[in-house]
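Peer 1: could you look at this predicted model? Sequence included:
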Amino acid sequence: MQERIKQIDFLGLILWVFRTAIIVAMLWGTIATVMDNPYSAKAWTDTIVAGIAQGSLYALIAIGYTLVYGVLFMINFAHGEFFMSGIMTATIFIAQPMSASGYLDRHPIIGLLIIAVVTMLVSIGIAILTERVAYRPLRGAPRLVPLITAIGASFFWQYFFQGLYGSEVKPFPQTDILTGKINIGGVEILKTQVIVIIVTVLMLIGLYFFVVKTKTGKSIRAAAENKDVARLMGIDVDRAITLTFTMGAAMAGIAGVLYALVFRQIHFFMGFFPGIKAFTAAVLGGIGSIPGAALGGLFLGIFESVGPGLFLEGLGVPSPHQLKDVIAFTMLVLVLIFRPQGILGEALAEEKA
Amino acid sequence: MAMLEVNDIHTYYGNIHALKGISLTVEEGEIVTLIGANGAGKTTTLRTISGLLTPREGSISYLGKDIVGTPAHKLVYEKMAMVPEGRGVFAKLSVMENLEMGSYSRDDKDGIARDLERVFALFPRLKEREKQVAGTLSGGEQQMLATGRAMMASPRLLMLDEPSMGLAPVLVDAVFDAIVEINKEGTTILLVEQNALMALSIANRGYVLQTGQIVLHDDAAELKNNEMVQKAYLGMD
Ligand SMILES: Nc1ncnc2c1ncn2[C@@H]1O[C@H](COP(=O)(O)OP(=O)(O)OP(=O)(O)O)[C@@H](O)[C@H]1O
Ligand SMILES: [Mg+2]
């Protein structure tokens, strides 16, 4: 007993030292950077806007992790592949031919809408297929089983699309209307970033409305809380789960289109890092919480973008911008030390079947 | 023909043989109670009837149809509802949203509005707390909500699993009054209770369940006077 108390205290002390060290380092770096003032105000604004745009992409993808976790208590590691599969397919079968024929330049808005719709449909199709074939048969199994299946599904789709479309990087065509910058209140912002932010906000509002206000949305929340009682209400729980995957995949599909507009490159491995980052964002925000996923994504994007310059530059770290992933995961660790349930998560959700 | 006829059902949890041949009938308009000790199989019986569990043997007919194998979410459309053990309110949904889920199976807006009035008339407390998140309701209020939610399906058969569990005596009375009221308005009731005295005092007939089998079946008044029931379930010597 004595032993144990000592051990806990010891662990607590280490954690405390760790937290304090990180916070002191962050503050120190920030102060040093501010004193030194290596960047112009414009550079800071650009960095922040880029962070918001990047965070928007994370937020859109993170929604899928959080929705599925909310209903099935499972981390769907194949979600990054839902993101990749849609835009890959739409790039090769729609965007590139449209660009080659000149249609995309003549009708950019209709063209992009068609690309978005096809992307979403493919992402949704892959998601529904994965759920139906790989996850549903294992629904009653111990939690580790679907987790490993999800990792397997992720590899499966990566290799599948590599085999189907080849492993080289594919260019996503540029459109004139989205090239260059736009002046918003005296700040020059890349048009693609503006589009990313606007579309994300619209998607999130749409999702919020659907989940909170509609009968189907409510039935999904009910199924997330208690599947048997939801059944007693007449809710087809399998259908609710399919819908959950559909919503997540639709968001991921749109994120894929936005990613393509910003980065203009597509390849079979593109789902991996955004997937991991979005998962991080979902945990950061409190997995299972939709506003949490949105907030976590935004938070991560901004931190990742601003962090290296702000915290590391002042500490004299060479080439701090290569360390943005370190910042991102340090943030995760830090938030989880202080709030294990994430920013908006509830204290450990009760066990559900 | 009885509204509900359960015929020699056997239900298993894996290898555990929980129901060993249960038969019972419920006639339209009745209150029938199922009493028995902890672990006797009362909840399992209700879950099997409602389609959440599938019996390995035996048959269940409801309103003349064989319903074994019909999934739970389809039986609601046949006007069968259940208040599960432990109430099972959707804690993160508001009181109103819980009630809306109760009427998930229905499209008749007018009928739903009328039933909502009926629920609020029976449980005025729920109306006061319409917007409150159900998880923050008291135990008694949650029981009212779970009952009201089942009423929103406008069921012909309503099954309740231990509605008195964990409630103060005053509230137990209120809940049983509500059950009688619901029955008077035309809903048939199958009531599972550990509070045998209360259950038998409002029921027409009762079944006594012991380790997965029906050991006694009689009119409620007779059961109340039965020596074995008095000893085992009514705490009399
Ligand atoms: N999910 C389960 N897995 C395995 N066995 C179960 C499960 N649920 C119930 N049982 C077993 O089945 C038997 C009947 O349980 P049931 O819950 O139907 O009893 P009950 O009469 O409702 O009891 P109580 O009054 O305590 O609610 C018990 O022996 C119980 O241990
Ligand atoms: Mg029980």
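Peer 2: Noted; the coordinates are in hand. Ligands and ions are numbered 1, 2, ... in the order given.
Peer 1: the residue in chain B that ligand 2 sits nearest to: what's it in contact with?
Peer 2: Residue nearest to ligand 2 within chain B: B:Thr43 (3.1 Å; Cβ to the ion). C-beta coordinates here come from the backbone N, C-alpha and C atoms, glycine included. B:Thr43 sits next to B:85, B:161, B:192 when contact means Cβ atoms under 8 Å, 6 or more residues apart in numbering or on different chains.
Peer 1: helix or strand right after the strand or helix carrying it?
Peer 2: Per DSSP states H and E, B:Thr43 falls inside helix B:42-49. Per DSSP H and E, the first helix or strand lying C-terminal to helix B:42-49 is strand B:57-62.
Peer 1: okay, the angle between that next one and helix B:42-49?
Peer 2: Relative orientation of strand B:57-62 versus helix B:42-49 (axes from the mean of the first three to the mean of the last three Cα atoms, to 10 degrees): 70 degrees.
Peer 1: ok, strand B:57-62: who's next to it in the sheet?
Peer 2: strand B:4-13 (antiparallel), strand B:65-66 (antiparallel) (DSSP bridges).
Peer 1: for the first one, buried residues please.
Peer 2: Residues of strand B:4-13 classed as buried under the neighbour-count rule (16 or more other Cβ atoms under 10 Å in any protein chain shown) are B:4-7, B:9-12.
Peer 1: so which of the residues you listed is the closest to A:Phe77?
Peer 2: A:Phe77 has its nearest neighbour among those in B:Tyr12, at 34.5 Å by Cβ to Cβ.
Peer 1: quick check: the gap between that closest one and chain A.
Peer 2: The gap separating B:Tyr12 from chain A is 15 Å, by Cβ to the nearest Cβ, to the nearest Å.
Peer 1: tell me if I'm right that that residue and B:Thr44 touch.
Peer 2: No - counting by Cβ atoms under 8 Å, B:Tyr12 stays clear of B:Thr44, with 9.5 Å between them.
Peer 1: now do the shared contacts for those two.
Peer 2: Common contact partners of B:Tyr12 and B:Thr44 (Cβ under 8 Å, 6+ apart): B:Ala18.
Peer 1: from B:Lys42, how far off is the residue nearest to B:Val26 when sequence neighbours are not counted?
Peer 2: Spatial nearest neighbour of B:Val26, chain neighbours left out: B:Leu4 (4.2 Å); criterion: Cβ to Cβ, 6 or more residues apart in numbering or on different chains. B:Leu4 sits 15 Å away from B:Lys42, going by Cβ to Cβ, to the nearest Å.
Peer 1: can you list the strands paired with strand B:57-62 in JSON lines and add mean pLDDT?
Peer 2: What follows is the strands paired with strand B:57-62, written out as JSON lines (pLDDT from 0 to 100):
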{"stretch": "strand B:4-13", "mean pLDDT": "94"}
{"stretch": "strand B:65-66", "mean pLDDT": "93"}
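Peer 1: out of these, which comes closest to B:Asp177?
Peer 2: Nearest to B:Asp177, of the strands paired with strand B:57-62 and by Cβ to Cβ, is strand B:4-13 at 24.1 Å.
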